[in-house]
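Visitor: Just to be clear, the model below is a prediction. Sequence and coordinates:
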Amino acid sequence: MSFKEIEFKVYEGRPDEFTGGAVLLALSEESVKSCDKKNSAFAELIIELAARKDFVGKKGSLMRVPLFNNNNKNIYLLGLGKAADINSQLVRDKLANAFRTIGRQHNNSLLLMLDNCVEIKADILYEAAELASYKFDKYKTKKSEDKDSNNKDDKDDNKFALSEIFVADKLCAKCSAKGKIFAESQILTRELANEPGCEINPPVLAEIAAAQAKEFNLECEIWDEVKLKAEGCGAILAVGAGSATPPRMIHLVYKPKNKARKKIAFVGKGITFDSGGLDIKPANFMTTMKGDKTGACDVLGILTGAARLELEDIEVHGFMAAAENMPSGSAFRPDDIIKARNGKTIEIDNTDAEGRLVLADALCLASELKPDAIIDMATLTGACMVALGKWRAGLFAKSKDDALAEEILSAAKRRGEDFWRLPAEDEHIEEELKSPFADMINSGPRYGGATFAAIFLSQFVDKDIAWAHLDIAGVDFFEKEWGVYSKGASGFAVRTCLDYLANL
């Protein structure tokens, strides 16, 4: 995977005697204004730049000051904004931006000095550093690390050199390990979601899951198209019918050494490429549809992360519903009526509303386990993206499941992933689910589309099981770098779900 393992070390010397590549000062606006020559090794520099208004601590500002007669090469000043507004999410994202820049400007080592008003745990630093270093360049014939690259941009901007970060305080080993696991689990998800459809199809995704399961001592069961038919999983079979590569249902299990106190199931949509089927997408909407498998890739990242965390008394199940939605003579059609595993029939109104169909069978299987909670995740609806934009995901839960929703939102806040709760119940939208020919229809009217999809999914979840649906359609793929996110697949929700598990 294309990321750099960063080693954190404790530095006990004077900051101005640090002999590494760079020193990073992360400062609030108040600290810049009140900087005292007696209390800061770099006070003269800060005071002079503040007087010129070149650096005042404005949120997100990053200034590089090259040094020529000092032990280190560069001083970087990072603005954190007003002290009252500083929180762990802001620090994580702004540090990630700074680490990315510093690493690409040929600095191998860094001394990090945080403002006194900043109180964060070591796991935040690990997430910021390792997630910022990630880049998907597997298919570039000339890597940014190539020494003989003739591309000036590669030499100056893209090679990530940073490998050591020194901090003044001793790190909590447990927090450090947790942050590393959180980051690397999300990177695994990114790496798989970034792979094109010509490389990863449902059988290949199943092979990758099986290999990861073996590495991390997870149980793994894979159902091929024959087994899916025998088990009555007609919804996922319908979606995959038009593809040359058949669907797969992948079931992963983490079992703790101790008796399980809780059982949690995660379900992920794994459309390895979504053309829309016979209701084919326009060309500009089809680009990035390699990422329609992100939900399933998230589940794999969560299960491997759970194993690495060695959760003491939480049993974790993961269902990856993998299919490829393609048009052909064997593809499912509008007006078709299909049957899901729980026996409910579905009239097909639109073949491009396929994700909810593969999830239907997976949710039925998860419900049969009688877990304490089911959390599904999917790049499901454009409607959610229209409502929330490209930087926030939707969380849907019924009122009876308020406790689960609040636990997920709390975990998301700790990990800096933005979710907004949306309704999973609406009697008027539920009316639109009715079909004159089947138990329900798979696609409704234009308005309320995200809630319609959530209500549809709820038909396949046991009513006595707590359930939450995460619609990550707007946040699964980013066109530019920001915070801990690189260009391409984000792996959004992996760290939130791992934090949720770690705090049960």
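Guide: That came through, no problem. Numbering: from 1, shown residues only.

Visitor: Could the C-alpha coordinates of stretch 242-261 be exported in CSV?
Guide: Written as CSV, here are the backbone C-alpha positions of stretch 242-261 (Å, rounded to 0.1, in the frame of the first residue of the first chain):
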residue,chain,number,x,y,z
GLY,A,242,-25.8,-9.1,-16.6
SER,A,243,-22.1,-9.4,-15.7
ALA,A,244,-19.5,-11.9,-17.0
THR,A,245,-18.3,-12.2,-13.4
PRO,A,246,-20.9,-13.7,-10.9
PRO,A,247,-21.7,-12.2,-7.5
ARG,A,248,-20.3,-13.2,-4.2
MET,A,249,-21.6,-13.0,-0.6
ILE,A,250,-18.6,-12.8,1.8
HIS,A,251,-19.1,-13.4,5.5
LEU,A,252,-16.3,-12.5,7.9
VAL,A,253,-16.3,-13.1,11.7
TYR,A,254,-14.1,-11.9,14.5
LYS,A,255,-14.6,-13.9,17.7
PRO,A,256,-12.9,-12.7,20.9
LYS,A,257,-11.0,-14.9,23.2
ASN,A,258,-13.4,-14.2,26.0
LYS,A,259,-17.1,-14.9,26.0
ALA,A,260,-18.8,-12.3,23.8
ARG,A,261,-20.8,-9.6,25.7
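
Visitor: Could you give me the buried positions within that stretch?
Guide: Going by neighbour count (16 or more other CB atoms under 10 Å), the buried part of stretch 242-261 is 242-243, 245-256, 260. The way it works is simple: take the backbone N, C-alpha and C, and place the C-beta from them, glycine included.

Visitor: Tell me which two of those residues sit farthest apart.
Guide: With CB to CB as the measure, no two of the buried residues of stretch 242-261 lie farther apart than G242 and P256, at 40.8 Å.

Visitor: so where's the stretch 101-250 of the chain shaky on pLDDT?
Guide: Low-confidence segments of the stretch 101-250 of the chain (pLDDT under 70): 143-158, 170-175.

Visitor: can you map out the helices along it?
Guide: 122-133, 152-153, 173-194, 202-215, 225-230, 234-240 (DSSP state H, counting those that start in this stretch).

Visitor: What of the stretch 301-450 of the chain?
Guide: Taking DSSP H, counting those that start in this stretch as the criterion, the stretch 301-450 of the chain carries its helices at 355-368, 382-388, 402-415, 427-431, 449-458.

Visitor: Comparing these, which comes out most buried?
Guide: Sort these by mean neighbour count, taking mean count of other CB atoms under 10 Å, and helix 355-368 sits at the top with a mean of 27.

Visitor: how many degrees apart are it and helix 449-458 in direction?
Guide: Orientation check (axes from the mean of the first three to the mean of the last three CA atoms, to 10 degrees): helix 355-368 against helix 449-458 gives 40 degrees.

Visitor: next one: helix 355-368 to chain centre, how far?
Guide: 21 Å (CA atoms, centre = their mean, to the nearest Å).

Visitor: which strands and helices sit next to that helix?
Guide: On a contact count with 3 or more CB pairs under 8 Å, 6 or more residues apart in numbering; DSSP states H and E, helix 355-368 meets helix 234-240, strand 248-254, strand 262-274, strand 314-325, strand 373-378, helix 449-458.

Visitor: Walk me through the domains of the protein.
Guide: The chain resolves into domains spanning 7-171, 190-502 when parsed by automatic domain parsing.

Visitor: Would you single out the least confident of these?
Guide: Sorting the domains of the chain by mean pLDDT places domain 7-171 lowest, at a mean of 85.

Visitor: sorry, back to before: okay, the helices and strands packed on helix 355-368 in JSON lines with distance to E431 next?
Guide: Compiled in JSON lines, the helices and strands packed on helix 355-368 are given as follows (distance: least, CB to CB, whole Å):
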{"stretch": "helix 234-240", "distance to E431": "22"}
{"stretch": "strand 248-254", "distance to E431": "31"}
{"stretch": "strand 262-274", "distance to E431": "25"}
{"stretch": "strand 314-325", "distance to E431": "27"}
{"stretch": "strand 373-378", "distance to E431": "23"}
{"stretch": "helix 449-458", "distance to E431": "10"}
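
Visitor: which one of these lies closest to D349?
Guide: Across those, closest to D349 is helix 449-458 (CB to CB), at 11.0 Å.

Visitor: sorry, back to before: deepest of the domains of the chain, which one?
Guide: Most buried among the domains of the chain, given mean count of other CB under 10 Å as the contact rule, is domain 190-502, at a mean of 21.

Visitor: What's the end-to-end length of that domain?
Guide: Start to finish, the residues bounding domain 190-502 are 21 Å apart (CA to CA, to the nearest Å).

Visitor: Over to stretch 481-492?
Guide: Across stretch 481-492, the terminal residues are separated by 14 Å (CA to CA).

Visitor: one step back: how about CSV for the helices of the stretch 101-250 of the chain, with distance to S28 added?
Guide: Output for those, formatted as CSV (distance: least, CB to CB, whole Å):
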stretch, distance to S28
helix 122-133, 17
helix 152-153, 34
helix 173-194, 23
helix 202-215, 42
helix 225-230, 56
helix 234-240, 51
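
Visitor: picking up where we left off before, now distance to F273 too, for the helices of the stretch 301-450 of the chain, in CSV please.
Guide: Output for those, formatted as CSV (distance: least, CB to CB, whole Å):
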stretch, distance to F273
helix 355-368, 12
helix 382-388, 17
helix 402-415, 29
helix 427-431, 29
helix 449-458, 20
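
Visitor: of all these, which lies closest to E29?
Guide: Here helix 402-415 is closest among the helices of the stretch 301-450 of the chain (CB to CB), at 23.8 Å.

Visitor: Touching that closest one from outside, list them.
Guide: With contact meaning CB atoms under 8 Å, 6 or more residues apart in numbering, helix 402-415 is reached by 88-89, 127, 182, 373, 375, 395, 397, 418-419, 421, 466-468, 470, 495-497, 499-500, 503-504.

Visitor: Could you check how far that helix is from the centre of its chain?
Guide: 15 Å.

Visitor: Now F182. Nearest residue, chain neighbours left out?
Guide: The shortest distance from F182 to any non-neighbouring residue, by CB to CB, 6 or more residues apart in numbering, is to R495 (4.6 Å).

Visitor: quick one on the thing from earlier: tell me which of the helices of the stretch 101-250 of the chain lies nearest to D352.
Guide: Nearest of those (CB to CB): helix 234-240, 10.6 Å.

Visitor: In PDB, could you pull the C-alpha coordinates for stretch 116-129?
Guide: What follows is stretch 116-129, C-alpha atoms only, in PDB (Å, rounded to 0.1, in the frame of the first residue of the first chain):
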ATOM      1  CA  ASN A 116      -0.400  24.900  25.200                       C
ATOM      2  CA  CYS A 117      -4.100  25.200  24.600                       C
ATOM      3  CA  VAL A 118      -4.200  22.000  22.500                       C
ATOM      4  CA  GLU A 119      -5.000  18.800  24.400                       C
ATOM      5  CA  ILE A 120      -5.100  15.700  22.100                       C
ATOM      6  CA  LYS A 121      -4.200  12.000  22.400                       C
ATOM      7  CA  ALA A 122      -1.400  10.300  20.500                       C
ATOM      8  CA  ASP A 123      -3.900   8.400  18.300                       C
ATOM      9  CA  ILE A 124      -4.900  11.700  16.700                       C
ATOM     10  CA  LEU A 125      -1.200  12.300  15.700                       C
ATOM     11  CA  TYR A 126      -0.900   8.800  14.200                       C
ATOM     12  CA  GLU A 127      -4.100   9.200  12.200                       C
ATOM     13  CA  ALA A 128      -3.000  12.600  10.900                       C
ATOM     14  CA  ALA A 129       0.500  11.500   9.800                       C
END
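
Visitor: So which residues make contact with it?
Guide: Contact with stretch 116-129 is made by 6, 8, 26, 28, 30-31, 80, 83, 86, 88, 91-93, 95-96, 99, 112, 114, 162, 165, 167, 171-172, 175-176, 178-180, 182-183, 415, 484, 495, as judged by CB under 8 Å, 6+ apart.
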